[in-house]
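1. Could you work out the structure for the sequence below:
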Amino acid sequence: MPSIREKLKWLDPFTYVDLYVMPRVNPGHDKTIETIVYVVFAFAFAFILYNFILAFLLGTTNPLVIVYSGSMEPVFYRGDVVVLSGHGSLDVAQAVVDFPIAGKPLSEFAQIGSRQLPSGAYRQAALRIDGVDYEFGSNGPIVVYYSPLRYQVIIHRAVLLLKAPDGDFLITMGDNNLRIDQDCPQHCITSLPVPAGAVKGKYLFHVPIVGQVKLLLFDDLPWLVNCASISQKKRVSYWECATTFDPAARAGLLLG
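-> As a prediction, this is how the structure comes out:
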């Protein structure tokens, strides 16, 4: 009888590459061609796994997200890979309002309240709407949405759900941040409350560190090149620029 190992090999997609692809494209067993074929199929299999298999199983078009900043520490850290599921229902503190919210910045209908932390710093903790205070929840779900201001996906905690006649909208905030994402016109992450329908997924679990290689190659190394230009303009030293990892702080250096 075939061994378990012999049976399991049929679950390995490269078994089929060896059986059906290599004999046709590399009959001479050239090592360079063999390496190229394996690399091409590795990317193809990764694309299928991410965009079809994981997306289907987890119920979201964005099943994996790399953490770019320390805004959610200590839940996870820069370079961690977060696995998402479809967001479904969102268990978070709520505020019911009787006016439409879509397209409106917070400054048009709410005031942001803060609470002093033991460290002495003030952290935003509530919204006042029509004279009523709505406290932010500390255990709301961690969600992912796209920020057109940052041109990237953001993974932060939903702290308040606004239920309006034109739909549900989220106020979001990083656990390690003092301000909510919608606090404009400062360096806000998003200018408007996030429509619940725009949420790409909800935190399921995370794998530490494994996203560091991608950040190093496609984020940190290009940033070091930018730092040469920034430091020449004498706004900051090269070392200070090179050790800046927060996306908002980097944007401030580029625009400053």
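
2. Determine how far stretch 227-247 lies from the middle of the whole chain.
-> Distance, stretch centre to chain centre, for stretch 227-247: 24 Å (C-alpha atoms, centre = their mean, to the nearest Å).

3. That stretch: end-to-end distance?
-> 14 Å (C-alpha to C-alpha, to the nearest Å).

4. Ok, stretch 160-174 next?
-> End-to-end distance of stretch 160-174 (C-alpha to C-alpha): 13 Å.

5. domain assignment for this structure?
-> 4-58, 64-207, 212-255 (automatic domain parsing).

6. deepest of the ones you listed, which one?
-> domain 64-207 (a mean of 17; mean count of other C-beta atoms under 10 Å). C-beta: built from backbone N, CA, C; applies to glycine.

7. what pLDDT, on average, does it get?
-> For domain 64-207, mean pLDDT is 92.

8. Contact partners for the residue lying closest to residue 179 once chain neighbours are set aside?
-> Once flanking residues are discounted, residue 179 sits nearest to residue 124: 5.4 Å by C-beta to C-beta, 6 or more residues apart in numbering. Contact partners of residue 124, counting by C-beta atoms under 8 Å, 6 or more residues apart in numbering, are 112-115, 136, 173, 178-180, 183.

9. Would you list the phi and psi of residue 124?
-> For residue 124, the backbone dihedrals (degrees, to the nearest 10) come out as phi -60, psi 140.

10. can you check residue 119 too?
-> Note on residue 119: its backbone torsions stand at phi -70, psi -10 [degrees, to the nearest 10].

11. Distance of it relative to residue 77?
-> 20 Å (C-beta to C-beta, to the nearest Å).

12. what does residue 183 give?
-> Counting by C-beta to C-beta, the gap from residue 183 to residue 77 is 24 Å.

13. what's the pLDDT at residue 3?
-> pLDDT, read off for residue 3, is 67.

14. do residue 13 as well
-> Reading off the confidence values, residue 13 has pLDDT 80.

15. all helices for the stretch 101-250 of the chain, in order.
-> 212-215, 221-232, 238-242, 247-255 (DSSP state H, counting those that start in this stretch).
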